[in-house]
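Visitor: mind looking at a prediction? Sequence and model below.
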Amino acid sequence: MSDLALWGLFVAVGVGTFVMRLSFVELYGRWRIPEVLDRALRYVPASVLAALVLPAVVYPNGHSEFVLGNPQIPAAVVAAWVAWKTRNTILTLAVGMGALWAFKFMGS
Amino acid sequence: MQYRTGTDAFLHGIRTLMPLTPGVIPFGLVTGVMAIEMGMSPGTAMGMTLLFYSGSAQMVALQLLHNGVLPVAIVVTALIINLRFIMYSASLAPHLHHLPRRWTWPLSYLLSDQSFALYSLRLSAGQPDRFGHYFYAGTAIGMWLTWQLSVLAGVFLGASIPESWSLSFAIPLSFLALLVPNLRSAASLGAAAAGGLIAVLAIDMPYNLGLVMASTGGVLAGLLIERFRRSTVNTMDADDAERETP
């Protein structure tokens, strides 16, 4: 991608995000957020994050090629358990990476 | 606590943010490292960080740039991820809208998950608070500095990290770390399960349409489960019903 296209992408996301952050602070009193949208927005983080995590774990090469003995799957299960138990980002990252290295070492 | 001056409130905001920074720094480091590993110059990587000021959207955009996804699809995906800011904005608007634009515009740019959480917790304490927006500014500026500096540190560490460390796995891991603790209701669990499953099945869709489909499917699943549970909850006793609502 050209530098111009790349910066265009950054500016588009930056401006769009700023407009969303400002939206109701600027328009307060002029319109209300519809109730259905309000409830739908609450499920956006869970579904988007899961949609990012699962394929990245299951397909380490970025396309639909199932790798036998993929060490990312058990490592992610261990990390998910740590995240559930501790709610600690650093610990989840550390244990997940440690588990990946351990499973890789055992597999090779 | 009532503040005597704006400075008091601002400094208290910064102190309140401090315990959250250990969760932010590794995420920032990984973002900086990823940008450099993808071949971005330090200037481009920091420009992206300043313009986005949104860790998850930036990580996703980096991942999609890496996969060679169409730029328009990247912009749409990043903005979908950031839709939650509309919700935050709606929730903070009653407390910020009266301020002049030299306050509201910078404070809006600085809105993040962390500063939103801290300020709304303070607001839920309920007392009228003359210097509340100084407290929010303290959390927001503290968060902004933490994020920019940790990405910058990642940018300069980037080249020195060997491939065999599989550091790219840290990205799905950090999403996992954000996702799992928030799955406290059947509806959010259903949203995540549907989103993840559709994304795995639709991995070969062009232009990252799989992610958009999966996100939409996940949200619909969440709404359906919420509605279903609400209608069954009515027939259960009130204690159980209260525990089920997040």
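Guide: Received it, and whenever you're ready, just let me know what you need. Numbering: from 1, shown residues only, chains lettered A, B, ... in the order given.

Visitor: chain center to the helix or strand of chain A with the lowest mean pLDDT: distance?
Guide: In chain A, the helix or strand scored least confidently by mean pLDDT, DSSP states H and E is helix A:35-41, which has a mean of 78. Remark: helix A:35-41 is offset 21 Å from the chain centroid, using CA atoms, centre = their mean, to the nearest Å.

Visitor: would that helix count as contacting chain B?
Guide: Yes: using CB under 8 Å from any CB of the partner chain, helix A:35-41 reaches chain B at A:V36, A:D38, A:R39, A:A40, A:L41. Yep, even glycine has a C-beta here, placed from its N, CA and C like the rest.

Visitor: contacts only, for the fourth one.
Guide: Going by CB atoms under 8 Å, 6 or more residues apart in numbering or on different chains, A:A40 touches B:V219, B:G222, B:L223.

Visitor: just those: which are in helices?
Guide: In this view, these that belong to helices under DSSP state H are B:V219, B:G222, B:L223.

Visitor: who wins on neighbours among the contacts of A:A40?
Guide: B:G222 (28 neighbours; other CB atoms under 10 Å in any protein chain shown).

Visitor: mind checking how far that one is from B:L83?
Guide: In this view, B:G222 and B:L83 are 14 Å apart by CB to CB, to the nearest Å.

Visitor: count the residues that sit near the residue lying closest to B:L220 once chain neighbours are set aside.
Guide: Nearest residue to B:L220, sequence neighbours excluded (CB to CB, 6 or more residues apart in numbering or on different chains): B:A194, at 7.6 Å. Other residues lying near B:A194 total 26 when counted by other CB under 10 Å.

Visitor: what does A:W7 give?
Guide: 14.

Visitor: among the ones in helices among the contacts of A:A40, which ones lie close to chain A?
Guide: The residues of the ones in helices among the contacts of A:A40 that also fall near chain A, by CB under 8 Å from any CB, are B:V219, B:G222, B:L223.

Visitor: in TSV: those, plus pLDDT.
Guide: As requested, those are arranged in TSV below (pLDDT from 0 to 100):
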residue	pLDDT
B:V219	90
B:G222	94
B:L223	94
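
Visitor: closest to chain A out of the residues you listed?
Guide: Minimum distance to chain A across those is 3.2 Å, recorded for B:G222 (CB to the nearest CB).

Visitor: tell me how far whatever residue of chain A ends up closest to chain B lies from B:A117.
Guide: Going by CB to the nearest CB, chain B is nearest to A:S47 of chain A, at 2.2 Å. To B:A117, A:S47 is 20 Å away according to CB to CB.

Visitor: please say which of the two ends up with more neighbours.
Guide: A:S47 (30 against 13).

Visitor: spatially, what comes nearest to that one if we skip its sequence neighbours?
Guide: Leaving out its chain neighbours, the residue that sits closest to A:S47 by CB to CB, 6+ apart is B:G218, at 2.2 Å.

Visitor: hang on, the one you found packs against A:V53?
Guide: No: contact between B:G218 and A:V53 fails when scored by CB atoms under 8 Å: they sit 11.9 Å apart.

Visitor: need the residues touching each of the two.
Guide: B:G196.

Visitor: who has more neighbours, those two?
Guide: B:G218 (30 against 27).
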